[in-house]
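> coords below, sequence missing:
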C-alpha cells in the first residue's frame, strides 16, 4: 500500500473513530479525507424510534415459522415519526443506509459502502450529503475524477439544504481541492481551496 | 442272470446312443447360446462403457448448462416511500405471494384495508443474504407510513422484497431450469413420488426386475403396453434423452444408463437429479425440466412453498404432462390427483385428515402461465448487449449467473399499455389503414441513469425488431435544445437574447445554397431566444448555431451521449441526423440530470452461480455542460410545455411540472417527444417501419403517448434551485423585454447581467405617465 493511500485511509479511520465518539445516530457529516484534522461539526439528527417491547397481541408462532394474523394491527408503543421522503431532511431509511456504509468502510469494504450510499441516493436523489459521501468513498479508492464530479454534484444540491449548507460546501470544495492535488493540478487545487475558504466555519466573518 | 444283464446292456446301449445324439446337439446349442450371450454381453459392456464416459457425467449437477437468471429491481420498502396499498398488493401477487387469513408461512400475506402483514422470503442479494421477515406495513394516501418487524419488535428502516424473476438468457435450444436441492423439495412431494411411482426406489439397483416381470405378464395378458415398470432412475434417464421413441434400442440404453447411475451415485443424489431433470410439460417451444421450474410455471412460486395439494398435482402430472395438463384437462387431472393423494395416504406419507383436506382443494394452478423471457424481450436484448462487454455470450447462457437489472415491471407494463393504446387511438384518426403505425419508448431514472422500461414495438413481448435499440430515425427538432445550450454557455447569449428570424440563404461547400424555412413558412423579424426554442423555429436556430459554431454544437451533442461526433454540417442544426431512441434517451438524460453524463445502465450487479458477488456496475458521473446554462435551458423546455409546441400538456397533465421537446422530421415521417419530470426521463418515437409519411408531428403523434404514460408513471415534478449566478426574471413572452412589477409574463432564470439591459417594460404605478407623454415609449423614461 503506498504512502498516500495509507495516509488517506488513516485519516478516514481517524475521523471515523471521532465520529463514533459522537454516536452513530448523529450522522450528518462524513469522515473527511483531507489533510488537516478538523473538528467534526454535527447537526442534531432526530432519533430513530427506540426498540419496542412486544405489545399484548395474539401472535401465536407456528412451528413452521408462520404466524396467526392478529385481529388488530400491532401498535408499536411509539408511533413512527412522519417523514417526507423527497424533502432533504433526515429519513430513517437514509440514516440506516449511511450507517451501513460506515460499517462497510470500517471493514475496509468501500465498494459495499458505495452500494449502500447509491441505494440511499435512489431514495433521496437531491441529498447533497449523500453525494459528498460517495465522493469521499471514491477519493479513498483513488478515483479522483469521480471524487471531484460527485463533490460538484453535492454542491449543486447544496442550495436546497436547510441546515449544514456552509459546512457541506466547505467540505465539498476541500475534497475537490485534494482531488485536484492528487492529479497534480496544483493551480486547480488552489482555486478550490479559495472557494472553500468562503465557507470555512472556523473563520470569523464580518 | 447273464441273460438279463445282456438285454439290459443292449437296451442301455441303444438308449445311450439315442440320448447321446440329442446330447450332442444340445451341447452344440448350449455352446451356441453361451457364445451368443457372451457376444451380447461384450457388446452391451462396450456400449455401457461408452455411455459411462459420455452420458453419465452429464448427470452431475455442475455439468448442466444453466442459463443465467435475470431479475427486475427489488421493491424497496421504507417509511415515506411512494406506493399505494393496491399497487403493493399487485406487486406481491406478481411475485407469487398468496393471500391468507391465518397461518402466514413464508411467501404469504394478509391484508386488512391498508394494513398488510407479509412473510417476506429470504433472498441472496449482491450485498448479502437478506433474511426472511414478518413485516407489518401500513399505507396512507399513497405512502408507506409504517414498516414494523414483528418478530424482533422494532421498526425496520428499510427492507427489500425479493425481486421478480424476469426470465433467463439462453439461446433457445429448448431447455430451461430452476435448480433445486433435495432440501428444497417439500417432504410430502419427496415421499409421495417414491410412494406413487417407485415404491422400492431405495431398495433396487436401478431396475426393478420383479416389476418388469409383473408388468410384462400383465401386458402380455392384456396385449397392451399400459403397465409401466420404470423406476424413478429410468424415468429420469428417459427424460434426459427426451424423445418419445419407444424402441427397443432406446429401452436398452435407458436400462444401461439407469444401472450405471445407480452404481455410481447415492440414492439421494439420484433423487435430487430426478427432481431437476424430469420433464414436466411444454411452454411454447421451451421444455420444462425439473420441479423447480414446474413449480414456477404452474404455481408461480418457489418449490419449497408448495402445499400438499399442489405437490400432489405435480406427482399427478408425471405420467404425462400433456395428458394431465392441469390448465386444459381439469376434470381428468383432479380425479387422478385425488387418487394420488389416496396412494400417499395408503403408503403412510400423509394422514387421513390431510388427505381429505387436500382432496377438497381445487387444482390451484395460476391462471396464465408466466411467459418468461418473451414478455421482456426488448429489455433483455439490452441487458445482453451491455453484459456482452464483460461476459462472452456462451458464458452468459451457461454459467448460471444471477443478473440484477434496473427494470421496473410496473412502469414497463404501463409503458407498453400507453404505446399500444396510444397508437391504436391515433390510427383511428388518420386514414391509412393498410400501413400500421409503430412506436418505441425508453424510460430511464434520472439520478442513476437506470433503464426502467423499454418498449421495442407496439406488440408487447413480441420478439421482433427492437426499435428502441435498433431503429435509426432522423431526430429533427430534438436537436435544437443542444444548439441553444451551447449558446447559453457562451457569455454573449442570455435567455432572452434577440435572434434574427429573416429569410436565410447559406452557401454550402458543395456550391448549393441552403434555404431553411420555419415550420409555418413565416418570418417574424426577430424574437427572443427562449421563444425561438419554445416554438421550435428553424431560422433563429440556424442563425444562433452558425454564430456559436456548428462544430462546437456537434461536440456538445456528442459529449452528452453519442459515440461519434456528428459531422458539422449546418443542416445538422435542424436535426438531419438519425439516432436510435435509446441514444436520444441518453442525450436527454444529460439535460435532465442538469449537465451530468452517466451512461444508461440496465444491470446493477451480477452474482455467480454460487451466489458470490461478481461485478457491480457503479454510478459514475461526468460534467458535460455548464450547470447554469443547463438550468436555463431546462426552464425553456418547461416553457415548451406551457406556451410552446407542447402546450397541450396543460390540458392533458395540468398542474404538473415537466420539461421536454417535440421533434418532427422532414415530410412528417418521424414523430418524437423527449422529456422529463423530477424522477423520469422518457423518449417516445412514432412512425412507419417502411418510412412512409405519417402526417403526424411530434405534438400530435408522440406527445399524447408520452403524456399518458408520464401522467401515471411520474411521481415528482421537475424542479431545481436557482444557483446564485442566475436570477428569476419576468419577461414579456413576445418581445423578450424584462417586465418589472407586472402580474403577467413568463418567469425564467436569467444571468445576473440581465439587470444591465437598458430596455424593459414597467407596470409600476409610479412609472405610469400622464396622457400626453404616453405617446413616447415608456422605455424612454429611464434613459
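Thanks, I have it. Model, not experiment: these values are computed from the prediction.

> just checking, what packs against the helix or strand harbouring residue B:547?
For residue B:547, the enclosing helix or strand under DSSP states H and E is helix B:538-548. The contact analysis (3 or more Cβ pairs under 8 Å, 6 or more residues apart in numbering or on different chains; DSSP states H and E) places helix B:538-548 against helix B:480-488, strand B:498-501, helix B:529-534. C-betas here are computed from N, CA, C, even on glycine.

> so how far is that helix from its chain's centroid?
Its chain's C-alpha centre and that of helix B:538-548 lie 42 Å apart, by Cα atoms, centre = their mean, to the nearest Å.

> give the buried residues for that helix.
Judged by neighbour count (16 or more other Cβ atoms under 10 Å in any protein chain shown), helix B:538-548 contains these buried residues: B:538, B:539, B:540, B:541, B:542, B:543, B:544, B:545, B:548.

> distance of the third one from residue B:731?
Yep, that's residue B:540 we're talking about. Relative to residue B:731, residue B:540 is positioned 16 Å away (Cβ to Cβ, to the nearest Å).

> rewinding a little: quick check: angle from the helix holding residue B:547 to helix B:480-488?
Taking axes from the mean of the first three to the mean of the last three Cα atoms, to 10 degrees, one finds helix B:538-548 and helix B:480-488 inclined to each other by 40 degrees.

> what comes into contact with helix B:538-548?
In this structure, residues lying in contact with helix B:538-548 by Cβ atoms under 8 Å, 6 or more residues apart in numbering or on different chains are B:480, B:483-484, B:486-487, B:490, B:493, B:499-504, B:506, B:516-519, B:523, B:527, B:529, B:532-533, B:553, B:570, B:573-574.

> please apply the same query to stretch B:306-320.
Where contact means Cβ under 8 Å, 6+ apart, the residues beyond stretch B:306-320 that reach it are B:186, B:188-189, B:192-193, B:196-197, B:235, B:278, B:280-281, B:291, B:294-295, B:298-299, B:324-326, B:333, B:336-337, B:340-341, B:344, B:350, B:354, B:357-359, B:361, B:363-365.

> which strand or helix spans residue B:381?
Under the criterion of DSSP H and E, residue B:381 resides in helix B:377-388.

> buried residues in that helix?
B:377, B:378, B:379, B:380, B:381, B:382, B:383, B:384, B:386, B:387.

> tell me which two of the buried residues of helix B:538-548 sit farthest apart.
Of all pairs drawn from these, the widest gap by Cβ to Cβ lies between B:538 and B:548 and measures 16.3 Å.

> ok so, going back, got the contact list for the helix holding residue B:381?
Contacts made with helix B:377-388 from outside it, assessed by Cβ under 8 Å, 6+ apart, are listed as B:70, B:166-167, B:169, B:373, B:393, B:396, B:403, B:405, B:407, B:412, B:451, B:453-457, B:461-463, B:466, B:468-469, B:582, B:601-603, B:606.

> average pLDDT for it?
Here helix B:377-388 scores 84 as its mean pLDDT.

> then stretch A:183-201?
Regarding stretch A:183-201, the rounded mean pLDDT is 92.

> got the buried residues for that stretch?
A:185, A:188, A:189, A:192, A:193, A:195, A:196, A:199, A:200.

> give me the contact list for the helix or strand the fifth one falls within.
In other words, residue A:193. In this structure, residue A:193 sits in helix A:186-197 according to DSSP H and E. Outside helix A:186-197, the residues within contact range by Cβ under 8 Å, 6+ apart are A:169, A:170, A:173, A:174, A:176, A:177, A:178, A:180, A:181, A:203.

> change it to 7 Å
Identification of contacts with helix A:186-197 by Cβ atoms under 7 Å, 6 or more residues apart in numbering or on different chains yields A:170, A:173, A:174, A:176, A:177, A:180, A:181.

> hey, where'd the helices end up in the stretch 351-500 of chain B?
Taking DSSP state H, counting those that start in this stretch as the criterion, the stretch 351-500 of chain B contains helices spanning B:352-360, B:377-388, B:393-398, B:409-429, B:467-470, B:480-488.

> the stretch 101-250 of chain B now?
Along the stretch 101-250 of chain B, the stretches classed as helices by DSSP H, counting those that start in this stretch are B:187-197, B:209-222, B:232-241, B:248-264.

> go through those helices and name the closest to chain A.
Distances from chain A to each of these were compared using Cβ to the nearest Cβ; the minimum, 11.5 Å, belongs to helix B:187-197.

> what residues sit buried inside that closest one?
Using 16+ other Cβ under 10 Å as the test for burial, helix B:187-197 gives B:188, B:189, B:190, B:191, B:192, B:193, B:194, B:195, B:196, B:197.

> quick check: residue B:624 touching residue B:560?
Yes - assessed by Cβ atoms under 7 Å, residue B:624 is found in contact with residue B:560 at 5.4 Å.

> the two: which is more packed in?
Between residue B:624 and residue B:560, residue B:560 has the larger neighbour count (other Cβ atoms under 10 Å in any protein chain shown), namely 22 against 18.

> tell me who's in contact with the closest residue to that one other than its chain neighbours.
The spatially closest residue to residue B:560, leaving aside those adjacent along the chain, is residue B:590, at 4.0 Å (Cβ to Cβ, 6 or more residues apart in numbering or on different chains). With contact taken as Cβ under 7 Å, 6+ apart, residue B:590 is in contact with B:560, B:561, B:596, B:597, B:624.

> if we can go back for a sec, can you flag the buried ones in the contacts of helix B:538-548?
In the contacts of helix B:538-548, burial by neighbour count holds for B:480, B:483-484, B:486-487, B:490, B:493, B:499-501, B:504, B:516, B:518, B:527, B:529, B:532-533, B:553, B:570, B:573-574, counting by 16+ other Cβ under 10 Å.

> which of these are close to chain A?
Applying Cβ under 7 Å from any Cβ of the partner chain to the buried ones among the contacts of helix B:538-548, one finds that nothing falls near chain A.

> and the strands in the stretch 1-150 of chain B, which stretches?
If you assign secondary structure with DSSP state E, counting those that start in this stretch, the strands in the stretch 1-150 of chain B sit at B:68-71, B:76-77, B:98-99, B:108-112, B:115-120, B:123-125, B:128-130, B:133-140, B:143-149.

> the contacts of stretch B:306-320 also near chain A: which ones?
Restricting these to contacts with chain A (Cβ under 7 Å from any Cβ) yields no residues.
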